[in-house]
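Asks: everything below, folded, please.
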Amino acid sequence: PYAQIHYPFENRDLVDKGIAFPCDFINEGVDQTRGWFFTLHAIATMIFDSVAFKNVISSGLVLDAKGNKMSKHVGNVVNPFDMIDKYGSDAVRLYMMTNSEPWDNLKFDPEGVAEISRKFFGTLYNTYSLFAMYANVDDFDPQTAQIPVSERPEFDRWILSCLNSLVEGVEREMNGYDPTRAGRLIDTFVDEDLSNWYVRLNKKRFWGKEMDNDKLAAYQTLYECLMTVAKLLAPFAPFFADQLYKDLGGPMDSVHLDRFPSFNSNLVDKDLEERMAIAQRITTIVLALRRKESIKVKQPLQTLMIPPVDAAQREAIESVKQIFLQEVNVKDVKFVEGAGILVKKVKCNFRTMGKKFGKDMKAVAASVAAMTQEQIAELETAGKLMLGSYEILAEDVEIISEDIPGWLVGNEGNLTVALDITLTDELRAEGMARELVKRIQNIRKKSGLEITDRIHVSIAPHEAVTKAVNTFGEYIARQGLADSIQLEANAGQQGGFAGF
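Replies: Okay, here's the model as predicted:
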């Protein structure tokens, strides 16, 4: 830190007056602990009676995917330039920064780089592409007067709250010299909140013909999210972030010349974030139950049953039920007070509880296995429960729900959901209608039609298809932008309808 400014031959005041010394931060490999870190301190102590630096990141070693030291002799060396040529420098950089903490050894797996390239950069690029496609059609101008956030729909307020929580989190972690956690926060926001929730559930808002306030709010909200992510991403993926910034029409020549995003606490609504998180959790549970029985999401189901642990959870679920019901394609949710017809049981986590209870573990396990439904409910609600002289914490055990005839049951933490999987003829017909919409949209895309082009649809008669068209013809036409739907023999694409 003193040699870099040519002390004592130049810039003496910067060191003598403590302006540039001790330095704020240094970084070196763990193998330089004695040769660099300690030496700097030793010299600084002898000459200045001071430490040489305030913060340090001691980088670990790069190992192969199995945790072995890379060696040309063994043949497990990964050429970084091959990785950069294949996936790009940003993907390699972000993978190395987010895979493990800098001070831990990194098990370098090329498949991990491929996943970052596909899952993170691919997702972010697709989100931008969707925005750009519709924004160009509507001639969206980001300089248009902003609709006040308080007047925007709840979804917009939620994602902007998450965005500002992200800004706060990234700044906190970067100030704490932890780029790994900061990078993971950006990854989670882009994948789980922005792409997989906000964009997916609000895509229809971009379809309207007129630029009304709802549509404008959606554009302005998504634009702000993308621009802020570009700025937050700049230290992690400098090239991708710069291109995204320029494609969005950033005012500076480069994202690296613009200001880092600032946290706006006025836009943060933690209650809204928590309520939306419940909707996301319920959606995750139900979609997992559908996969378990191979029931497509396009197939409507009738009922969800949820036993809330308290009035607050019920109120939170009620406030977002329309969101998750639409997302999981279920028509109604019913609340079951108390244990209801759902039966739960508890399994011990012997790895953690064994260390905690030692020789008493056998007796504790027997007490846990004998827990009543009321005791399980208390454990879920309070997070802890006394069994004799033993305190059981919710994180010590796994609470699972048993399936009941005609239903599938899943849970995550203190949230339990039962899904009615009984299919009526009407539900099957509606499922077929949704399948037809999907296939019409695929044909539109393959045919190169514009998103505004109107079409005429001809479908060969089929028992399930005929019933779906007769019952849900208007829905199919509206979703497929079809002026007419005819049931008649044709020479179109062949397709089976297994599962309907």
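Asks: read off the pLDDT value for residue 403.
Replies: Residue 403 carries a pLDDT score of 63 in this model.
Asks: okay, the closest residue in space to residue 406 that isn't next to it in sequence and residue 428: tell me how far apart.
Replies: Once its chain neighbours are removed from consideration, residue 406 has its nearest residue in residue 422; the separation is 5.3 Å (CB to CB, 6 or more residues apart in numbering). Where C-beta positions appear, they are placed from N, C-alpha and C, glycine not excepted. Residue 422 sits 11 Å away from residue 428, going by CB to CB, to the nearest Å.
Asks: higher neighbour count, the two?
Replies: Neighbour count, other CB atoms under 10 Å: between residue 422 and residue 428, residue 428 has more, with 17 against 11.
Asks: SS state for that one?
Replies: Here residue 428 takes the helix state, with states given by DSSP: H, G, I helix; E, B strand; the rest coil.
Asks: ok, it to residue 330 distance?
Replies: In this structure, residue 428 and residue 330 are 15 Å apart, going by CB to CB.
Asks: and for residue 346?
Replies: Look at residue 346 and residue 330: by CB to CB, they are 28 Å apart.
Asks: next up, the contacts around residue 187.
Replies: Contacts of residue 187 were listed using CB atoms under 8 Å, 6 or more residues apart in numbering, and they are 98, 120.
Asks: same deal with the one 10 residues further on?
Replies: Residues in contact with residue 197 (CB under 8 Å, 6+ apart) are 276, 280.
Asks: tell me the secondary structure at it.
Replies: Each residue gets one of three states, and residue 197 gets helix by three-state DSSP.
Asks: residue ranges for the helices of the stretch 301-450 of the chain, please.
Replies: Under the criterion DSSP state H, counting those that start in this stretch, the stretch 301-450 of the chain carries helices at the ranges 311-328, 350-357, 361-369, 373-382, 425-446.
Asks: list the contacts of residue 419.
Replies: Residue 419 sits next to 286, 289-290, 301, 303-305, 330, 407-410 when contact means CB under 8 Å, 6+ apart.
Asks: what helices or strands is the helix-or-strand element of the chain with minimal mean pLDDT leaning on?
Replies: Across the helices and strands of the chain, mean confidence by mean pLDDT, DSSP states H and E is lowest for strand 62-63: a mean of 76. In this structure, strand 62-63 packs against strand 106-107, with contacts taken as 3 or more CB pairs under 8 Å, 6 or more residues apart in numbering; DSSP states H and E.
Asks: partners of the strand it packs on, with directions?
Replies: strand 62-63 (parallel) (DSSP bridges).
Asks: and the partner strand, how far out from the chain middle?
Replies: Centroid separation for strand 62-63 versus its chain: 28 Å, with CA atoms, centre = their mean, to the nearest Å.
Asks: what's the next secondary structure element after it?
Replies: Note on strand 62-63: by DSSP states H and E, the next helix or strand toward the C-terminus is helix 80-87.
Asks: residues in contact with the least confident helix or strand of the chain: which ones?
Replies: 69-70, 96, 105-108.
Asks: same thing but 7 Å
Replies: Contacting residues not belonging to strand 62-63 are listed as 69-70, 105-108 [CB atoms under 7 Å, 6 or more residues apart in numbering].
Asks: nearest to residue 282 among these?
Replies: Comparing those against residue 282 with CB to CB picks out residue 107 as the nearest, at 35.0 Å.
Asks: list the buried residues in the helix or strand hosting residue 135.
Replies: With elements taken from DSSP H and E, the one containing residue 135 is helix 122-138. Within helix 122-138, the residues that count as buried by 16 or more other CB atoms under 10 Å are 123-124, 127-128, 130-131, 134-135.
Asks: now those as TSV including distance to residue 254?
Replies: Putting those into TSV (distance: CB to CB, whole Å) gives the following:
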residue	distance to residue 254
123	24
124	18
127	21
128	17
130	25
131	21
134	26
135	22
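Asks: hang on, residue 240 packs against residue 89?
Replies: No: with contact taken as CB atoms under 7 Å, residue 240 and residue 89 are classed as non-touching, separated by 9.4 Å.
Asks: please say which of these two ends up with more neighbours.
Replies: Taking other CB under 10 Å, residue 240 and residue 89 do not tie; residue 240 has more neighbours (23 against 16).
Asks: which phi and psi values does that one adopt?
Replies: phi -60, psi -40 (degrees, to the nearest 10).
Asks: just give the closest residue to it, not the sequence neighbours.
Replies: Nearest in space to residue 240, with sequence neighbours left out and distances taken as CB to CB, 6+ apart, is residue 90 at 4.6 Å.
Asks: and the one you found, how far is that from residue 306?
Replies: Applying CB to CB to residue 90 and residue 306 gives a distance of 42 Å.
Asks: now swap in residue 298 and tell me
Replies: In this view, residue 298 and residue 306 are 23 Å apart by CB to CB.
Asks: repeat for residue 325
Replies: For residue 325, the distance to residue 306 equals 11 Å [CB to CB].
Asks: anything in contact with each of these two?
Replies: Listed as contacting both residue 325 and residue 306 by CB under 7 Å, 6+ apart are residue 333.
Asks: related to what we said a few turns ago, wouldn't the residue nearest to residue 240 be in contact with residue 234 here?
Replies: No: with contact defined as CB under 7 Å, residue 90 does not count as touching residue 234 (10.7 Å).
Asks: which residues are in contact with the helix or strand containing residue 112?
Replies: Secondary-structure element containing residue 112, defined by DSSP H and E: helix 110-115. Identification of contacts with helix 110-115 by CB under 7 Å, 6+ apart yields 78, 83, 87, 91-92, 95, 99.
Asks: can I get whichever strand or helix holds the residue nearest to residue 240 in CSV? Just the C-alpha atoms.
Replies: Residue 90 belongs to helix 89-99 when assigned by DSSP H and E. Once side chains and other backbone atoms are set aside, the C-alpha atoms of helix 89-99 remain, and they are given as CSV (Å, rounded to 0.1, in the frame of the first residue of the first chain):
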residue,chain,number,x,y,z
SER,A,89,-15.6,-14.5,-19.6
ASP,A,90,-18.6,-13.2,-17.7
ALA,A,91,-20.0,-16.7,-17.1
VAL,A,92,-16.6,-18.0,-15.8
ARG,A,93,-16.2,-14.9,-13.6
LEU,A,94,-19.7,-15.1,-12.1
TYR,A,95,-19.4,-18.8,-11.5
MET,A,96,-16.2,-18.4,-9.7
MET,A,97,-17.5,-15.5,-7.6
THR,A,98,-20.8,-17.2,-6.6
ASN,A,99,-19.9,-20.9,-6.4
